[in-house]
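**Q** The sequence and its predicted three-dimensional model are supplied below.
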Amino acid sequence: MNKMKIKIVGLFAILALFASCTDLNDQVYSELLADEYPENETQAQLITNNAYSQLQSHIDGGWWFAQEITSDLIVAPTRGSDWDDGGKWRALHTHTWDNNHEYVNNMWRNFYNGVTECNKAIEYLGDAEASKNAVAQMKVLRAYYYYLLIDNYGDVPYVTSFADAPAEPEKVSRATVFNNIIADIESVFNDLSGSSTSSVNQYTAYALLAKLYLNAEVFTGTAMWDKCEEYCDLIIAGPYSLESNRLGAFVTENQNSPENIFTVPYDEDNYQGFILHRRTLHYTNTTTFNAKTTFWNGFCAQERLVELFEDADQRKAGLLLGQQYSSTGEMLVDTDAGNAPVIFTKEVPALRMDASYSSEEIRFSGARMVKFEIKSGVKDNLSNDLPIFRLADFKLMKAECELRKTGGSLAIAKAEINDIRTIAGATIWDNADITLDNLLAERGREMWCEAHRRQDLIRFGKFTDSWWEKSPDTETNYLFPIPQWAIDSNANLN
C-alpha cells in the first residue's frame, strides 16, 4: 500500500484504536504513518482533531455543572418527582459532593482524556516544519486541560508523554503544574498562527496565561496581578471588540462574533453536546420556539441573579420571566397544573419542592436561562459555540488587577467596567461604585452561564459563604476530591 495515499478516515480509525488501546505497540503506529504524514500544515491540523473534540464534553459532561450549579446564581431544583436524580444536583448546590459524584468523576476523566490526546498528537507530529503550529496548539491546549485540573482538583499527576506515560503517575503540587504549563505556553508563542476561534492561536495563549496569573494567589499562594494585566492588555489591544448587543456573543452561529477569542464549537447536527435549552425551558415552551425537540423544565436562575440586573440592562434579556406565549402569541397554559398559565417567577420557594408545594410553584418557579439564543425550530442540540475566552472577561480582569495591586488606578478600573456597562444600558459607575464586591456582582451580570462563577467566588473568598438554601462550608470544598475509581486504579493518588 502506498502510505502517502492512505485516506484521512483511515488515519482517524487508527487514532481511535490507539485512544482505546493505549497498551498496543506504539512503534506500529509510527511506522505506518509518521514517516510520511503529515506533509503540510493542513494535514498536521487534522491530527489535532481528537484533542479538540474533548472540549465538547464541557457543557454536558460535568464541567459546566460543577462551575455554575455549585454557585450562588444558578440552581437545578428538585421539582416534585422531577430532577431528583439521586440528589446529584442538590449535592452540587449544597457543596456536599463526594469522590463518587457523577460530575466529579466525569471532569477528571474528560480532562485527562484531553491531556492524553494532546500528548499523542505532539509525539506523532514530531518536530517537522509543517507540524510546528499544530504542535504549539497542542501544547497550549494541554496546558488548558491542566489549568482545568489544578483549578478543580489541586495537586494532580502531570504527564507530558504518550508512549512512555507511567502507568501509575504520582501527584505533583498545584504550584509546580502551574509553573510548568506557563513555561510550556511561553515556549511556543512564536509558532502559533491563525485567527479561528475554534483553534488555539497567540491570543488564546495570552488569554490562558492571563487566567493563570489571575488565579495565581489561589493556585500558588503568590499574587501576580501585574503579569495578569500584562496579558489582558495584549488581548484588549488585539483584534477583538465588544458586541453592541451584550448578548450578541451568544447567538446561534456565533463563531464570527468579534468578542469571542476561543470557543468550543457546537452544532445541532455535527458537533453535539449543547442542550442547556432542554434543561431549563418549560415543557410548553416548545411552542414558543417551534422546537423540534422536548424541554425538561429544570434549571433556573436563583433570585439573586435576577436581582443583579437593572431593568434597562440588555443582559437581563438572558432571563425568561413572566407569562409565556407561543410563537403566534397564544398564552401558554400547563394542562398538568390544572390549566394554570405558565408564568415564570423570580422566586424559587425551595431547593427540594415536594408535594407540599403547589403545582405552579413546582413547575413555574425560577427565571429560565436564554442567554444563549434559542432559534425558532431548535433541535435537541444548539448551534451556539461556548465562549471559553472573550474580550469582556479580560476587561473585567484588568479592572480587578487595578483594584487589587499596590498602586492600582481606580480610573483605569472604572473605564474598563463602564465600557461594558455603557453598551449594556446600565447605570454608569462613579468612583464610589468601584469596589471588589461590586466587581464580583458585575462579573455575575456579565459572565453568568459561562462556567466562571465557581472560580470567581473562590478568588473573591465567597465560595464557602451561605446563600439561598446553602449553609456556610469550609475551604476544603474549594477543590473537588479525586474520584474513587481513579484512586482504586492508581495508589499514588491517595
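**A** Structure received.
**Q** which residues in this structure form strands?
**A** 74-75, 78-79, 156-157, 171-172, 260-264, 300-301, 319-320, 322-323, 333-334, 340-341, 343-344, 352-353, 368-369, 386-390 (DSSP state E).
**Q** Just the CA atoms of stretch 179-188, as CSV, please.
**A** Presented in CSV, the C-alpha positions along stretch 179-188 are these (Å, rounded to 0.1, in the frame of the first residue of the first chain):
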residue,chain,number,x,y,z
ASN,A,179,4.8,26.8,36.6
ASN,A,180,5.2,24.0,34.1
ILE,A,181,2.3,24.9,32.0
ILE,A,182,3.2,28.6,31.9
ALA,A,183,6.7,27.7,30.7
ASP,A,184,5.1,25.4,28.1
ILE,A,185,2.8,28.1,26.8
GLU,A,186,5.6,30.7,26.6
SER,A,187,7.8,28.4,24.7
VAL,A,188,5.5,28.2,21.7
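**Q** so who does the closest residue to I261 other than its chain neighbours touch?
**A** Of all residues beyond its chain neighbours, the one nearest I261 is F389 (4.1 Å), with distances taken as Cβ to Cβ, 6 or more residues apart in numbering. (C-beta placed from N, C-alpha, C; glycine too.) When contacts are counted by Cβ atoms under 8 Å, 6 or more residues apart in numbering, F389 touches 204, 207-208, 211, 260-262.
**Q** A426 now?
**A** Going by Cβ under 8 Å, 6+ apart, the list of residues near A426 reads 309-310, 312-313, 315, 445.
**Q** can you check Y203 too?
**A** By Cβ under 8 Å, 6+ apart, the residues touching Y203 are 234-235, 238-240, 261-262.
**Q** In terms of secondary structure, what does the helix ranked longest in the chain contact?
**A** Identified as the longest helix of the chain according to DSSP state H is helix 102-125. Helices and strands touching helix 102-125, as assessed by 3 or more Cβ pairs under 8 Å, 6 or more residues apart in numbering; DSSP states H and E, comprise helix 8-20, helix 41-47, helix 49-53, helix 63-68, helix 88-94, helix 132-153.
**Q** so which of these is the most packed in?
**A** Each of the helices and strands packed on helix 102-125 was assessed for mean neighbour count using mean count of other Cβ atoms under 10 Å. The highest is helix 132-153, with a mean of 24.
**Q** quick one: that helix to helix 102-125, angle?
**A** Going by axes from the mean of the first three to the mean of the last three Cα atoms, to 10 degrees, helix 132-153 is angled at 160 degrees with respect to helix 102-125.
**Q** re earlier: specify the beta-bridge partners of the residue nearest to I261.
**A** Beta-bridge partners for F389, by DSSP bridges, are F262.
**Q** before we move on, back to that, between the strands of the chain, which gets nearest to R453?
**A** Taking Cβ to Cβ, strand 74-75 is the member of those nearest to R453, at 7.7 Å.
**Q** Against which helices or strands is that closest one packed?
**A** strand 300-301.
**Q** per-residue confidence averaged over the strand it packs on?
**A** Averaging pLDDT along strand 300-301 gives 99.
**Q** and it, which strands flank it?
**A** strand 74-75 (antiparallel).
**Q** can you give me the offset of stretch 68-84 from its chain's centre?
**A** 18 Å (Cα atoms, centre = their mean, to the nearest Å).
**Q** how about that stretch: buried residues?
**A** For stretch 68-84, a neighbour-count test (16 or more other Cβ atoms under 10 Å) marks 68-79, 83 as buried.
**Q** tell me the mean pLDDT over that stretch?
**A** Rounded mean pLDDT across stretch 68-84 is 99.
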